[in-house]
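Enquirer: no sequence on hand, only this structure:
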């Protein structure tokens, strides 16, 4: 049974087609780069997988189940913006996550916070944008989920923080878990990618292991991306 | 899962609504204590007494308004702003998210009502309140206010004043009143919720659309209520005559029709809101 299976997935917004007949299969254990230019349908696909959008056609199965309560238990999602209550303290948010997610590990969260010198009693509204994003990433990666979906986790942060985030992503998940990572910063993540999905105009343009693509095309994923999505 | 959602919604609403109610209670106690002092009856402190009274009245109004507006605002923020990315990805259904918000806001409405009642009684029992209100409450509580009247067939009847006014005896009337207030409040919340949910379907100016929908819904609901009431209680309400007097009509059909209408429309709004949250959410 695949971790994620999309069958003839389509999403229309009125007359605009965001996703068209997408067929995908993601197995457990690996880091998958979901790559594509702006407007290619990456966020739409992510929102459908996480239950934030309902598809117009086709179906999505997460570990054999349709998107719903059971799938949300095994997916840990990081959106591309801050989604936490500003007035809450980090402690409160950790308790919130621990309450709702059975696989959340509070000790791991506190450990990662202390390494980043983030005080658990601080309120989110006193933190910079970058620090808030790190807190969100820590919360998401502190779950023992089967699938981590990270939407632009390294955009808008400095290079040093980017390295830390990538290290955390690679080092924090279980071997059986998969990470679906959507980003434009391909050069930063290419060294850690196992599989690649290219999305263009709502259609899957390419889906293959990263190493196979490099061998077949004779170039890096970044170079191939620039070629495929040339303006 | 519903329990956890309610717990966190309580924290979310409580950080504003609890202090508001505490302030109201505090002002009441302060006012009663001040009224017990000879200073209250001294001409030199009339201004303070007036300010306290105004402050108390304003705080009641603010508490009632906040108990309606703040939960609706929190509903929007928690579900249809950036926080919705967290709420809708929790391992729970949108129906439970909606139910939790409704139950929590109802609880705070009840708390608000109790605080207002307690503060009112504090004033009355301290002898500060209006003597007529005090008298009326005592009459009600002691079961007095019995009235005699003769019907159109010349038969004599005896009923309490409450029954004459409402068609209900004192205790059932209290029950109906509380039920009406609770259902009425829930209906107000659901009108706000469904307006927000429908407003989110527009591509632009989602907040503006929600407000416009709320206004339209309110107008339609008022029109429907007036029509229903006109059909359920065609007889005009007559004045009460003490002692042996003429026949008196009651307002119980009004209460019943309002209750039923709010229940039906509230249920419809709940279902519509839940369906939108289940199938048509698209957070920006």
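Expert: Okay, I see it. Keep in mind the model is a prediction, meaning the values are calculated, not measured.

Enquirer: what about the strands in chain A?
Expert: Assigned strands in chain A, in chain order: A:4-13, A:16-26, A:30-35, A:57-62, A:65-66, A:75-78, A:147-151, A:178-182, A:195-200, A:203-209 (criterion: DSSP state E).

Enquirer: out of the ones you listed, nearest to chain B?
Expert: Proximity to chain B (CB to the nearest CB) singles out strand A:75-78 among these, at 5.2 Å. For glycine as for every other residue, the C-beta is placed from the backbone atoms N, C-alpha and C.

Enquirer: now the closest one, how far from the chain's geometric center?
Expert: Remark: strand A:75-78 is offset 7 Å from the chain centroid, using CA atoms, centre = their mean, to the nearest Å.

Enquirer: buried set for that strand?
Expert: Buried residues in strand A:75-78, defined by neighbour count with 16 or more other CB atoms under 10 Å in any protein chain shown: A:75-78.

Enquirer: skipping adjacent residues, who's closest to residue A:222 in space?
Expert: Nearest non-adjacent residue to residue A:222, counting by CB to CB, 6 or more residues apart in numbering or on different chains: residue A:186, 4.4 Å away.

Enquirer: returning to what we had before: out of the buried residues of strand A:75-78, who's near chain B?
Expert: Checking these against chain B by CB under 8 Å from any CB of the partner chain, the ones in range are A:75, A:77.

Enquirer: lowest-pLDDT helix or strand in chain A?
Expert: The helix or strand of chain A with the poorest confidence is helix A:159-172; it has a mean of 80 (mean pLDDT, DSSP states H and E).

Enquirer: relative to strand A:30-35, how tilted is that helix?
Expert: 140 degrees (axes from the mean of the first three to the mean of the last three CA atoms, to 10 degrees).

Enquirer: residue nearest the middle of chain A, spatially speaking?
Expert: With distances taken as CA atoms, centre = their mean, residue A:150 lies nearest the centre of chain A, 1.8 Å away.

Enquirer: from residue B:99, how far off is residue A:104?
Expert: Counting by CB to CB, to the nearest Å, the gap from residue A:104 to residue B:99 is 24 Å.

Enquirer: those two: which has the busier surroundings?
Expert: Higher neighbour count among residue A:104 and residue B:99: residue A:104, with 21 against 16, using other CB atoms under 10 Å in any protein chain shown.

Enquirer: surely residue A:148 touches residue A:179?
Expert: Yes. Using CB atoms under 8 Å, residue A:148 is in contact with residue A:179, at 4.5 Å.

Enquirer: now do the shared contacts for the two.
Expert: Residues touching both residue A:148 and residue A:179 (CB atoms under 8 Å, 6 or more residues apart in numbering or on different chains): A:169, A:173.

Enquirer: read off the pLDDT value for the closest residue to residue A:8 other than its chain neighbours.
Expert: Nearest residue to residue A:8, sequence neighbours excluded (CB to CB, 6+ apart): residue A:58, at 3.8 Å. Among the per-residue scores, residue A:58 holds a pLDDT of 93.

Enquirer: how about the residues of chain A by chain B?
Expert: So chain A meets chain B at A:13, A:47, A:50-54, A:68-70, A:72-73, A:75, A:77, A:79, A:81-85, A:87, A:92, A:96, A:99-101 (CB under 8 Å from any CB).

Enquirer: all helices of chain B, in order?
Expert: In chain B, the helices defined using DSSP state H lie at B:2-36, B:46-80, B:84-87, B:94-125, B:131-141, B:161-166, B:170-199, B:206-232, B:252-279.

Enquirer: can you give the contact residues for the third one?
Expert: The one in question is helix B:84-87. So helix B:84-87 is contacted by A:52, A:77, A:79, A:81, A:83-84, B:78-79, B:97, B:281, B:283 (CB under 8 Å, 6+ apart).

Enquirer: can I get the buried part of the residues you listed as one PyMOL selection?
Expert: Selection command for PyMOL covering only the buried members of those, criterion 16+ other CB under 10 Å:
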select buried, (chain A and resi 52+77+79+83+84) or (chain B and resi 78+79+97+281+283)
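
Enquirer: any chance of the contacts of helix B:84-87 in CSV, plus pLDDT and distance to residue A:221?
Expert: CSV is the format used below for the contacts of helix B:84-87 (pLDDT from 0 to 100; distance: CB to CB, whole Å):
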residue, pLDDT, distance to residue A:221
A:52, 92, 28
A:77, 95, 24
A:79, 93, 24
A:81, 87, 26
A:83, 91, 29
A:84, 91, 32
B:78, 94, 39
B:79, 94, 38
B:97, 96, 39
B:281, 82, 34
B:283, 78, 30
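
Enquirer: the contacts of helix B:84-87: which two are farthest apart?
Expert: A:81 and B:97 (20.3 Å; CB to CB).

Enquirer: contacting residues for residue 82?
Expert: No chain specified, so I'll use chain A. Here residue A:82 is in contact with A:124, A:129, A:132-133, A:136, B:82 (CB under 8 Å, 6+ apart).

Enquirer: if you could check chain B rather than the one you did, that'd help
Expert: Contacts of residue B:82 (CB under 8 Å, 6+ apart): A:81-83, B:283.

Enquirer: which residues of the stretch 1-150 of chain B score low on pLDDT?
Expert: For the stretch 1-150 of chain B, the stretches flagged by pLDDT under 70 are B:38-45, B:125-150.

Enquirer: for it, what lies in contact range of chain A?
Expert: So far as CB under 8 Å from any CB goes, the stretch 1-150 of chain B lies against chain A at B:1, B:4, B:7-8, B:11-12, B:15, B:82-86, B:88-93.

Enquirer: 6 Å instead, please
Expert: Residues of the stretch 1-150 of chain B found near chain A (CB under 6 Å from any CB of the partner chain) are B:4, B:82-83, B:85-86, B:88-91.

Enquirer: just the buried residues of those.
Expert: B:82-83, B:85-86, B:88-91.

Enquirer: might you name the residue of the stretch 101-250 of chain B sitting closest to chain A?
Expert: At 8.3 Å from chain A, residue B:203 is the closest residue in the stretch 101-250 of chain B, using CB to the nearest CB.

Enquirer: what pLDDT does that residue get?
Expert: The model's pLDDT for residue B:203 equals 77.

Enquirer: next up, phi/psi of it, please.
Expert: phi -80, psi -30 (degrees, to the nearest 10).

Enquirer: go on, residue A:154?
Expert: Torsion angles at residue A:154 (phi, psi; degrees, to the nearest 10) stand at phi -110, psi 10.

Enquirer: what sits against it?
Expert: Residues near residue A:154 by CB atoms under 6 Å, 6 or more residues apart in numbering or on different chains: A:162, A:165, A:185.

Enquirer: closest to residue A:110 out of those residues?
Expert: Closest to residue A:110, out of all of those and judged by CB to CB, is residue A:165, at 18.1 Å.

Enquirer: pull the number of nearby residues for the closest one.
Expert: 21.

Enquirer: what sits against it?
Expert: Residue A:165 neighbours (CB under 6 Å, 6+ apart): A:137, A:153-154.

Enquirer: over to residue B:56?
Expert: Contacts of residue B:56 (CB under 6 Å, 6+ apart): B:27, B:31.

Enquirer: make it 8 Å
Expert: Here residue B:56 is in contact with B:27-28, B:31, B:119 (criterion: CB under 8 Å, 6+ apart).
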